[in-house]
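A.B. asks: Next comes the sequence, and after it the predicted model I'd like to discuss.
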Amino acid sequence: MQGGPRRSGLLRRLHEYVLLYLGLGYLGAICLLWTPFAMLLHPVLPARAGRRLGRFVINQGFKSYIGFLTLIGACRFDLSALDKLRGQGPLILAPNHPSLLDAVMVISRLPDVACIMKAGLMDNIFLGAGARLARYIRNDSPVRMVGSATGDLSAGSFLLVFPEGTRTTRMPVNPLMSSIGLISRRARVPVQTIFIETDSPYLCKGWPLFRKPEMPVVYRVRLGRRFDPPVSVQPFMAELERYFVAELDDAVLPRPPGRDDGTMSSSTI
């Protein structure tokens, strides 16, 4: 009597592992295929042309990846809110950061997005060459980072900054870093808050890359308040953090593995 449910559960797990590795393989293939071209083009293309081409390819590659995850049934995405931002640059985009897929989701929907990246990722074999061609911004020097971000915004770009600095580990949001306020004040560009909601802790801080989640994983993005550039950074950051906490505090946390009720959470552990 129990053989049927056990067999069904085993087949489901095997199916989900296939989807997991298909998704990771697809993203890895995109990155590796583009890497040699990006390495060759970076030193020969003018900075403006390289930035435009690099960001276009990343946008299209991430859009393809999101579409592939949807097609195979690994994930469900509702990212339509981001479409309202097209043509509204320059803007600083400030999402919460529950998972590794957050930047992928945002960049897949918006053209000409500059991204502040950890210095280690800029040297990563999968991501580094493409990020350098796209003139993404390293975070290893605060002064240079703020200057580069300001210059990018002056050209009309979007700038993607995760105010938490890393994926969420303290519920409902990590303490926010002041760099976003410094950039906004110096560039005189508003901060557009974005909230990413998910029903799964997949790829949260500490989640192993090859650990299988319950599928499909559901993601939804919604737009929050747009903050004017601050006169003073510290009061601005305090207000911004209070706003994030208020927006995320009532979120329903993901249930343990085995849940399949579609409940969403805006942050994970």
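C.D. replies: That came in fine, so what should we check first?
A.B. asks: what's in contact with stretch 54-66?
C.D. replies: 23, 26-27, 30-31, 34, 38, 75, 77, 79, 104-105, 107-114, 130-135 (C-beta atoms under 8 Å, 6 or more residues apart in numbering). Backbone N, C-alpha and C define where each C-beta goes, glycine included.
A.B. asks: before we move on, what about stretch 104-114?
C.D. replies: For stretch 104-114, using C-beta under 8 Å, 6+ apart, the contacting residues are 52, 55-56, 58-59, 62-63, 65-66, 77, 79, 82-83, 85-86, 89, 93, 95, 115, 134-137, 149, 152-153, 156-160, 194, 196, 219, 221.
A.B. asks: quick one: the helices in the stretch 151-269 of the chain?
C.D. replies: Ranges of helices in the stretch 151-269 of the chain, per DSSP state H, counting those that start in this stretch, are 179-187, 233-248.
A.B. asks: What pLDDT does the model give residue 170?
C.D. replies: If you check residue 170, the pLDDT there is 89.
A.B. asks: typo on my end, it should be residue 123
C.D. replies: Per-residue confidence for residue 123 comes out at a pLDDT of 82.
A.B. asks: before we move on, what about residue 47?
C.D. replies: 94.
A.B. asks: before we move on, what about residue 10?
C.D. replies: So, for residue 10, pLDDT stands at 89.
A.B. asks: That one: what secondary structure?
C.D. replies: For residue 10, the secondary-structure state derived from DSSP: H, G, I helix; E, B strand; the rest coil is helix.
A.B. asks: hmm, back to that, of the helices of the stretch 151-269 of the chain, which is nearest residue 18?
C.D. replies: Closest approach to residue 18 among the helices of the stretch 151-269 of the chain is made by helix 233-248 (33.3 Å; C-beta to C-beta).
A.B. asks: Show me what the closest one is packed up against.
C.D. replies: helix 179-187, strand 191-198, strand 217-227 (3 or more C-beta pairs under 8 Å, 6 or more residues apart in numbering; DSSP states H and E).
A.B. asks: Turn the ones you listed into JSON lines, including mean pLDDT, mean neighbour count and distance to residue 120.
C.D. replies: Below are the helices and strands packed on helix 233-248 laid out as JSON lines (pLDDT from 0 to 100; neighbours: other C-beta atoms under 10 Å; distance: least, C-beta to C-beta, whole Å):
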{"stretch": "helix 179-187", "mean pLDDT": "96", "mean neighbour count": "22", "distance to residue 120": "17"}
{"stretch": "strand 191-198", "mean pLDDT": "96", "mean neighbour count": "21", "distance to residue 120": "23"}
{"stretch": "strand 217-227", "mean pLDDT": "97", "mean neighbour count": "17", "distance to residue 120": "25"}
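A.B. asks: Could you dump these into TSV and include distance to residue 173?
C.D. replies: Below are these laid out as TSV (distance: least, C-beta to C-beta, whole Å):
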stretch	distance to residue 173
helix 179-187	13
strand 191-198	10
strand 217-227	12
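A.B. asks: Relative to residue 123, which of those is closest?
C.D. replies: For residue 123, the closest of the helices and strands packed on helix 233-248 is helix 179-187, at 20.7 Å, according to C-beta to C-beta.
A.B. asks: between the helices and strands packed on helix 233-248, which gets nearest to residue 17?
C.D. replies: Once these are compared by C-beta to C-beta, strand 217-227 is nearest, at 14.1 Å.
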